[in-house]
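A.B. asks: Predicted model and sequence follow; I will ask about them next.
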Amino acid sequence: MSITPETRYVETPDGVYIAYQAVGDGPVDIALDFNVNESNVDLMWEEPDWAPFLTGIAEFARLIIHDRRGVGVSSRNVPPPNLETRVSDLVAVLDEVGSDRPILGAGRDSGCMHALFAATHPDRVSGLVWNTPAARVAWAPDYPWGQPSEDFHASLQQARSWGTGDQLRRLARLREAERAGVAFDPALYRPSSAEDLVAGSEDDPVRLAAYGKVIRNTATPDVAEQIDRIDFETDVMPLLPSVHAPATLVGVEVDQVEEARYIASLIPNATLHVVSGSSGLAVEPILRVFRNMAGIESAPVAIDTVLSTILFTDIIDSTAKQAAMGDRLWKDLVLAHHSIVRAALSRWRGVENDTAGDGFYATFDGPARAIRCALEISERVRHLGIEVRAGVHTGECEIIDGKSAGITVSIGARVASKAGPSDVLVSQTVKDLVAGSGLTFQDAGEHELKGVPESWRLYRVRA
């Protein structure tokens, strides 16, 4: 495109400005998410490898792009966001442009945010296109495609050359390896068969200048390192079975197809599309995937399950306190407790599902808000002379009479039962989803949860 599309801003509820563009007037909305290293809505149209995707999609759909907070031309004076915050910011952009049910597109671990979005807002998604998907960055016994910790920390040293010739030449070699369909080591940006590359690709001054301009206008080295750390600590594998939207995952025949096949096996309505070579720059095959997805019937479907974060709280030693205080004083204390809890739920966008005596059961569409709500409740009730315990778990819930139900709710209750006075305990799933939230955790060990199979690793939130 000879003219960069108009950039606009939407203000989020917490006062952050998100830069976005809506380009094209096709009958289907497609919202793309950029990767961590390149995200600037004003400059991406000049980036030689991204521009063909942007212009190609805008020819048959309305393309919606935005810069995540902290990078690009969005507010830069804020901390890098975690997945939950990125989902909220995308909702703000879609609401601003009037997009009810777009197709969501992303690559590698950038697609983790879309997975969380689709699981928590199933009525807002028509489908997913996930190019060379990665459900986590870090290696794990059940995820051998991840990066070992020592390799990750070594790769952070590359931040010292952020936006300089050294990094740009490494990026050019990586991209050329993709074009040639050659396997490479993503940690080192070194192709395994350098002789297969087109000579001189990393020395093209025009291409290197374009890469550098975008990268330096995406983030500073320190911010890029913070985002890398958040990504390394994030894991969305537990929530993938809760993604029910139609999904097409694109795998790479050379060295990524098994990872893509495994992730596709975890998503109920996913299909795997394999391309030869490396799909990162396979413009026409990827555009065909988007065109096929755009043909999916987009009428709303009945939603009977949704990914939710469950919060349970109750007062410690409530029976003994009630006996010591008497019914009248106890009633006044419980009413004051309920007022504090409901104020916190309102502040952190929780939904009260049930209240039984001195306990609350609430749901959230984001785990970090549930934790912060629990911390606030725990702190504020102390002036009443009482303490509460809290448990937080995230999982797929059945919707019955407008309320969340099912095994996830039972697990949340069991997690809370393991908490002590003023404790906020969370499951491993919750911990892995809130990387970058500024929350810290203490390992509380493995526990048997009554009526729930296997043992569960729990973590204590440290305020």
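C.D. replies: Perfect, I can see it now.
A.B. asks: which strand is the longest one in the chain?
C.D. replies: Ranked by residue count and defined by DSSP state E, the top strand of the chain is strand 388-400.
A.B. asks: so what secondary structure elements neighbour it?
C.D. replies: For strand 388-400, the packing partners by 3 or more C-beta pairs under 8 Å, 6 or more residues apart in numbering; DSSP states H and E come out as strand 305-315, helix 367-380, strand 403-405, helix 407-417, strand 424-427, helix 428-433. C-beta here means a position set from N, CA and C on the backbone, and glycine is covered the same way.
A.B. asks: angle of the second one against strand 388-400?
C.D. replies: Going by axes from the mean of the first three to the mean of the last three C-alpha atoms, to 10 degrees, helix 367-380 is angled at 140 degrees with respect to strand 388-400.
A.B. asks: follow-up on the earlier one: any idea which of the helices and strands packed on strand 388-400 is most buried?
C.D. replies: Across the helices and strands packed on strand 388-400, the average number of neighbours (mean count of other C-beta atoms under 10 Å) peaks for strand 424-427, which reaches a mean of 28.
A.B. asks: ok so, going back, how about the longest strand of the chain: buried residues?
C.D. replies: 388, 389, 390, 391, 392, 393, 394, 395, 396, 397 (16 or more other C-beta atoms under 10 Å).
A.B. asks: what two of those have the greatest distance between them?
C.D. replies: 388 and 396 (26.6 Å; C-beta to C-beta).
A.B. asks: was I right about residue 238 contacting residue 408?
C.D. replies: No - between residue 238 and residue 408 there is no contact under C-beta atoms under 8 Å: 10.7 Å.
A.B. asks: Give the residues shared as contacts by the two.
C.D. replies: Shared contacts of residue 238 and residue 408, defined by C-beta atoms under 8 Å, 6 or more residues apart in numbering, are found at 394, 395.
A.B. asks: Output the lowest mean pLDDT helix or strand found in this protein.
C.D. replies: strand 190-191 (a mean of 48; mean pLDDT, DSSP states H and E).
A.B. asks: Tell me the first helix or strand C-terminal of that strand.
C.D. replies: helix 205-216 (DSSP states H and E).
A.B. asks: elements contacting that next one?
C.D. replies: Using 3+ C-beta pairs under 8 Å, 6+ apart, helix 205-216 is in contact with helix 165-180.
A.B. asks: Show me how far the helix it packs on is from its chain's centre.
C.D. replies: Relative to its chain's centre, helix 165-180 lies at 27 Å (C-alpha atoms, centre = their mean, to the nearest Å).
A.B. asks: count of residues packed around residue 213?
C.D. replies: 15 (other C-beta atoms under 10 Å).
A.B. asks: Do I have it right that it meets residue 42?
C.D. replies: No - the criterion here is C-beta under 8 Å, and residue 213 misses it with residue 42 at 10.4 Å.
A.B. asks: circling back to that earlier point, with only the CA atoms kept, save the longest strand of the chain in CSV.
C.D. replies: Below are the C-alpha coordinates for strand 388-400, written out as CSV (Å, rounded to 0.1, in the frame of the first residue of the first chain):
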residue,chain,number,x,y,z
VAL,A,388,-10.6,-15.4,55.4
ARG,A,389,-9.0,-18.1,53.2
ALA,A,390,-9.3,-18.1,49.4
GLY,A,391,-8.7,-20.6,46.6
VAL,A,392,-8.4,-19.8,42.8
HIS,A,393,-8.6,-22.2,39.9
THR,A,394,-9.2,-21.7,36.1
GLY,A,395,-10.9,-24.3,33.9
GLU,A,396,-13.8,-25.0,31.6
CYS,A,397,-17.2,-24.6,33.3
GLU,A,398,-20.7,-25.8,32.3
ILE,A,399,-23.3,-23.0,32.2
ILE,A,400,-26.4,-24.0,34.1
